[in-house]
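Chemist: Next one to model:
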Amino acid sequence: MAVYDSNLQAAVDATSVAKDAGEAGDDLVGYLREQLAERDIETSDEEWLQRMAEGIRANPNYMIESEPHDYEAHRPMQSELKQD
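Modeler: Numbering: from 1, shown residues only. Have a look, this model is predicted:
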């Protein structure tokens with residue numbers, strides 16, 4: 001099972017909740033972009049944004065299956081994962 005950045009999933013989740021509440025309007029991509037910006041995430045990967053919007057429309061509990069191609073998250077190095 002792949003693991004993706006929780007901030008990306010949180011932005012998708014917030015967009016889904018807003019869609020269900022009628023707050024996102026018809027522009028899910030725009031709303032998702034705003035949610036990403038609130039988390040200091042920028043992407044120019046329009047294909048990824050469109051896929052996320054389609055996933056949200058199809059399933060309110062949509063789980064991301066990829067990250068934008070230009071996304072660079074801080075991932076802990078193996079040394080940071082060591083437990084004492």
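
Chemist: Now do Val29, the pLDDT please.
Modeler: Val29 is assigned a pLDDT of 97 by the prediction.

Chemist: And the helices in this structure?
Modeler: 6-21, 28-38, 46-58, 78-81 (DSSP state H).

Chemist: What residues sit buried inside the third one?
Modeler: It refers to helix 46-58. Trp48, Leu49, Arg51, Met52, Ala53, Gly55, Ile56 (16 or more other Cβ atoms under 10 Å). Bear in mind the C-beta positions are built from the backbone N, C-alpha and C, glycine included.

Chemist: my guess is the first one meets Glu65, correct?
Modeler: Looking back up the chat, that one is Trp48. No. Assessed by Cβ atoms under 8 Å, Trp48 is found out of contact with Glu65, at 10.2 Å.

Chemist: quick revisit: check the buried residues of helix 46-58 against Ser16 and report the nearest one.
Modeler: Ranked by distance to Ser16 (Cβ to Cβ), these are led by Ile56 at 4.8 Å.

Chemist: how near is that closest one to Glu72?
Modeler: From Ile56 across to Glu72, the span is 24 Å (Cβ to Cβ, to the nearest Å).

Chemist: Could you do Leu32 as well?
Modeler: To Glu72, Leu32 is 18 Å away according to Cβ to Cβ.

Chemist: Name the residue in the two with the higher neighbour count.
Modeler: Under the neighbour definition other Cβ atoms under 10 Å, Leu32 and Glu72 were set side by side, and Leu32 has more, 26 against 9.

Chemist: Pretty sure that one sits against Ala11.
Modeler: Yes. Counting by Cβ under 8 Å, Leu32 does reach Ala11; the two are 6.2 Å apart.

Chemist: need the contact list for the nearest residue to Asp45 once chain neighbours are set aside.
Modeler: Of all residues not flanking Asp45 in the chain, Pro68 sits nearest, at 3.7 Å (Cβ to Cβ, 6 or more residues apart in numbering). For Pro68, the contact set (Cβ atoms under 8 Å, 6 or more residues apart in numbering) comprises Leu8, Thr43, Ser44, Asp45, Trp48, Leu49.
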